[in-house]
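>>> I would like the atomic coordinates for the input below:
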Amino acid sequence: MDDSHPTGTDLARQIVVISTVVFMIIAAMVGTGLFGGTNVRELQGGALDADATVLAPATPAFSIWSLVYVLMIAYTIWQALPGQRARERQRRAGWWIAVTAVLNGAWLLTAQFLTLALTVLAIVVLLAALGATLRVLVQTPAETWSDRLFMDATVGIHLGWVSLATVANITAWLSAEVVAPMDADRQQLWGVIVLVVVALVGIAIAFGTGGRIAPALAMSWGLVWIGVARTTGEPHAPAVATAAVIVAAVILISAVVATLRRRVVAGSIGD
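Presented below is the predicted three-dimensional model:
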């Protein structure tokens with residue numbers, strides 16, 4: 001643990017994290033229609049719904065947002081403890097986590113009140129911020145199980161899910177506003193091509209983070225639900241469903257291999 005003395009900036013960071021996560025939760029309530037707004041799946045002419053494109057996950061996949069919010073709330077409470085105030089890991093990552101909370105809420109408000117194209121911009125910026133946050137955490141290794149749960153797992157799951165949600169969001173925008181309607185075969189072809197890119201992204205995250213399992217689990221969760229949606233719902237796309245399940249397995253295996261590789265390297269250095 002870092003034994004340096006707390007500063008006014010440390011207290012400000014804790015307050016900012018609390019404020020931004022409260023904003024995120026309020027935005028989530030607006031986004032799900034709890035305050036009288038329209039549910040996200042019905043916004044933008046239904047472009048973000050589970051049957052909008054061949055790369056849209058089935059509706060149950062979106063329940064992972066509940067886990068993200070629970071973890072973010074847990075992190076917010078934990079980081080506010082006096083013992084966390086002056087820790088170097090909190091100093092380096094706390095501001096970034098606050099930024100991701102703001103951007104998360106901003107995406108929901110963008111979907112509710114602005115345009116589909118702007119939702120793409122919002123989610124890409126959120127993805128970049130989450131990637132930067134996880135990089136900071138990788139560069140500042142966890143010291144306790146609390147670090148791993150409240151910081152690494154929280155950011156990792158958020159990043160993994162948003163990585164896949166970005167693909168779905170961009171596809172929804174292209175299908176609704178940019179690309180001319182395609183026949184079923186072309187939709188499947190492009191769906192499979194995009195999933196190959198998703199696999200490469202998942203592999204890069206796995207090896208770039210030394211085998212962090214949380215991003216891989218979140219990405220695989222969404223991919224499996226893409227498989228379910230394309231098998232049991234519309235648009236029916238069995239090739240996309242098969243590719244999604246294969247990519248999910250590839251990403252999980254990559255995370256395991258990256259973890260084993262990191263441990264072997266660490267063991268060699270220790271020797």
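>>> pLDDT averaged over the helix or strand harbouring Arg186, what's the number?
In this assignment (DSSP states H and E), Arg186 forms part of helix 184-208. When pLDDT is averaged over helix 184-208, the result is 90.
>>> who touches it?
With contacts defined as C-beta atoms under 8 Å, 6 or more residues apart in numbering, helix 184-208 is touched by 53-55, 138, 159-160, 163-164, 167, 171, 182, 212, 215-216, 219, 223, 230, 235-240, 243-244, 247, 250-251, 254-255, 257-258, 261. All C-beta atoms are positioned from the backbone trio N, CA, C, and that covers glycine.
>>> give me that answer again for 6 Å
With C-beta atoms under 6 Å, 6 or more residues apart in numbering as the test, helix 184-208 has contacts from 54-55, 167, 215-216, 219, 237, 239-240, 243-244, 247, 250-251, 254-255, 258.
>>> then stretch 98-115?
16-17, 20-21, 23-24, 27, 30-31, 37, 40, 43, 118-119, 122-123, 125-126, 129-130, 133.
>>> what do you get if the cut-off is 8 Å, keeping everything else the same?
With contact meaning C-beta under 8 Å, 6+ apart, stretch 98-115 is reached by 13, 16-17, 19-21, 23-24, 26-28, 30-31, 37-38, 40, 43-44, 48, 68, 72, 118-119, 122-123, 125-126, 129-130, 133, 155, 158.
>>> tell me the buried residues within these.
Among the contacts of stretch 98-115, those buried by neighbour count (16 or more other C-beta atoms under 10 Å) are 13, 16-17, 20-21, 23-24, 27-28, 30-31, 37, 40, 43-44, 48, 68, 72, 119, 122-123, 126, 129-130, 133, 155, 158.
>>> how much space between Val135 and Arg92?
If you look again at residue 135, you'll see it is Arg, not Val. 10 Å (C-beta to C-beta, to the nearest Å).
>>> please apply the same query to Phe207.
Separation of Phe207 from Arg92 (C-beta to C-beta): 22 Å.
>>> do Phe113 as well
From Phe113 to Arg92 the distance is 34 Å (C-beta to C-beta).
>>> between those two, who's got more neighbours?
Comparing Phe113 with Arg92 by other C-beta atoms under 10 Å, the one with more neighbours is Arg92, at 14 against 11.
>>> residues near Trp190, how many?
Per other C-beta under 10 Å, the neighbour tally for Trp190 reads 19.
>>> please read the previous query as pertaining to Ala117.
14.
>>> how about stretch 93-111 as PDB, C-alpha atoms only?
Provided in PDB are the C-alpha atoms of stretch 93-111 (Å, rounded to 0.1, in the frame of the first residue of the first chain):
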ATOM      1  CA  ALA A  93      -6.800   5.400 -12.400                       C
ATOM      2  CA  GLY A  94      -9.500   7.100 -10.400                       C
ATOM      3  CA  TRP A  95      -9.800  10.100 -12.700                       C
ATOM      4  CA  TRP A  96      -9.900   7.900 -15.700                       C
ATOM      5  CA  ILE A  97     -12.700   5.800 -14.200                       C
ATOM      6  CA  ALA A  98     -14.600   9.000 -13.500                       C
ATOM      7  CA  VAL A  99     -14.200   9.900 -17.200                       C
ATOM      8  CA  THR A 100     -15.600   6.500 -18.300                       C
ATOM      9  CA  ALA A 101     -18.600   7.000 -16.000                       C
ATOM     10  CA  VAL A 102     -19.400  10.400 -17.600                       C
ATOM     11  CA  LEU A 103     -19.000   9.000 -21.100                       C
ATOM     12  CA  ASN A 104     -21.200   6.000 -20.300                       C
ATOM     13  CA  GLY A 105     -24.000   8.300 -19.200                       C
ATOM     14  CA  ALA A 106     -23.400  10.600 -22.200                       C
ATOM     15  CA  TRP A 107     -23.900   7.700 -24.600                       C
ATOM     16  CA  LEU A 108     -27.300   6.900 -23.000                       C
ATOM     17  CA  LEU A 109     -28.400  10.600 -23.200                       C
ATOM     18  CA  THR A 110     -27.100  10.800 -26.800                       C
ATOM     19  CA  ALA A 111     -29.200   7.800 -27.700                       C
END
